[in-house]
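here is a sequence together with a model predicted from it:
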Amino acid sequence: MLDKSEFIGKAVFVAGGTSGINLGIAQAFATAGARVAVFSRSPERGDGAVASLRTLGAEVLGFVGDVRDMASVQEAMAATAEAWGGIDVLCSGAAGNFVAPAAMMSPNGFKSVMDIDLLGSFHVLRAAYPFLTKPGASIINISAPQASIATPLQAHVCAAKAGVDMLTRVLAMEWGPEGIRVNSIVPGPIDGTEGMARLTPTRESREAVIRNLPLRRYGDLTSVAKVAVMLSSSICDYVTGVVLPVDGGASLAGPGLFGSPA
Ligand code: COA
Ligand code: NAP
């Protein structure tokens, strides 16, 4: 059963952990007593996240970098491992999104999202690998419903996040023998996030999503964070390679849910 003290002093690295869902995850681990490192592009957002995590009593490291730049990712991982002796939990959630028809999308627009979401995830996983606790590390990749639900105006995100889920499954197989577990969380619509602001910018579009949701409500930041902690805990020590929706049943609602963003 859950040992309430099991995250005390553990080292948690959250790529893209300075806002929204990923910051919620960082805060949940900080509340559980872990040391938390966050990494993103904006120094201002990073400072805000570090301050909010310190108010929870956590030991915190903040890094400025871009998941598209392997050197910046490697530097942050190495500094975290040097400070805390390794990385016990890795969360990879940096992502970008905009709404655009494929026929109008520039190759660089498509590439930007592939580079952040998919190549960036590989950079994060690959750079962390030497420092992960073996056995015992937990990796959580943050996916999206677009990974498995074909969604108009989201060709770039669908392609990138489908790749992220495959990385989860392949690395669960490759790294499982060393005692590293790799899982994906697929958040549904989460309130107050940049992602949903981009996908459902109007009251009408938000209400249309809610009408299609089995639980008839958006999730909140803690909905995903609680599951990230649970998946990384000893309760789930025999769970790996799973792509787990945390979505109020959204995945059952099918393409209607995100079918017509914006
Ligand atoms: N519609 C169509 N194309 C768009 C676009 C939009 N709304 N926004 C950006 N692009 C295109 C740009 O035109 C550019 O292509 P071009 O060089 O051919 O003109 C390309 O995408 C890169 O844009 P740029 O602004 O230079 O990228 P960036 O690296 O600074 O930012 C984004 C990446 C575009 C994904 C940006 O939205 C971002 O940083 N997002 C992070 C926050 C976020 O999306 N949160 C939700 C997570 S689900
Ligand atoms: P968000 O608030 O915009 O969070 C994105 C985070 O990633 C920010 O901290 C951002 O900080 C960082 N980031 C973006 N590009 C980066 C880069 N190139 N390098 C390093 N860091 C980068 O978004 P969110 O809505 O909470 O989404 C978080 C995750 O959940 C994403 O993986 C998204 O796909 C997934 N998701 C969200 C929803 C939802 O309801 N919102 C639903 C399904 C899935 P900087 O700008 O400082 O870099």
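That came through, no problem. Ligands and ions are numbered 1, 2, ... in the order given.

next, count neighbours for the residue in the stretch 1-150 of the chain that ligand 2 sits nearest to.
Ranked by CB to the nearest ligand atom, the top residue of the stretch 1-150 of the chain for proximity to ligand 2 is G20, at 2.1 Å. No exception for glycine: its C-beta is placed from N, CA and C like everyone else's. Number of residues near G20 (other CB atoms under 10 Å) recorded here: 22.

can you give the contact residues for the lowest-mean-pLDDT helix or strand in the chain?
Of all helical and strand segments in the chain, the minimum by mean pLDDT, DSSP states H and E falls on helix 250-253, at a mean of 88. Outside helix 250-253, the residues within contact range by CB atoms under 8 Å, 6 or more residues apart in numbering are P145, S148, I149, V186, G188, P189, N212, L213, P214, P245, L257.

in it, what counts as buried?
A250, S251, A253 (16 or more other CB atoms under 10 Å).

from ligand 2, how far off is the second one?
Applying CB to the nearest ligand atom, to the nearest Å, the value for S251 to ligand 2 is 11 Å.

likewise for L199?
Applying CB to the nearest ligand atom, the value for L199 to ligand 2 is 7 Å.

write the PyMOL selection for whichever of the contacts of helix 250-253 are buried.
The PyMOL selection below is limited to those of these classed as buried (16+ other CB under 10 Å):
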select buried, resi 145+148+149+186+188+189+212+213+245+257
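
can you show me the CA trace of the least confident helix or strand of the chain as CSV?
The C-alpha trace of helix 250-253 is given here as CSV (Å, rounded to 0.1, in the frame of the first residue of the first chain):
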residue,chain,number,x,y,z
ALA,A,250,-13.1,11.6,-23.2
SER,A,251,-11.4,8.8,-25.0
LEU,A,252,-14.8,6.9,-25.1
ALA,A,253,-16.4,9.9,-26.7
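
who are the contact partners of A76?
F13, A37, F39, F63, G65 are the contacts of A76 under CB under 8 Å, 6+ apart.

one more pass at 10 Å, please.
Contacts for A76 (CB atoms under 10 Å, 6 or more residues apart in numbering) come out as 13, 15, 37-39, 61-65, 124, 127-128.

any regions of the stretch 151-262 of the chain where pLDDT drops low?
255-262 (pLDDT under 70).

what about 50?
259, 261-262 (pLDDT under 50).

residues of it that sit close to ligand 1?
E194, G195, R198 (CB under 6 Å from any ligand atom).

which of the residues you listed fall within helices?
Using DSSP state H, E194, G195, R198 are the members of those that sit in helices.

those residues, buried ones only, as a ChimeraX selection?
Here is the ChimeraX selection string for the buried members of those, based on 16+ other CB under 10 Å:
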select :195
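
do you know how far I142 is from ligand 1?
For I142, the distance to ligand 1 - CB to the nearest ligand atom - is 9 Å.

contacts only, for the closest residue to that residue other than its chain neighbours.
Residue nearest to I142 in three dimensions, not counting chain neighbours: G93, with 3.5 Å by CB to CB, 6 or more residues apart in numbering. Going by CB under 10 Å, 6+ apart, G93 touches 14-17, 20-26, 40, 67, 117, 120-121, 124, 140-143, 164, 185, 187, 224, 228.

show me the residues you listed that map onto helices.
20-26, 120-121, 124, 164, 224, 228.
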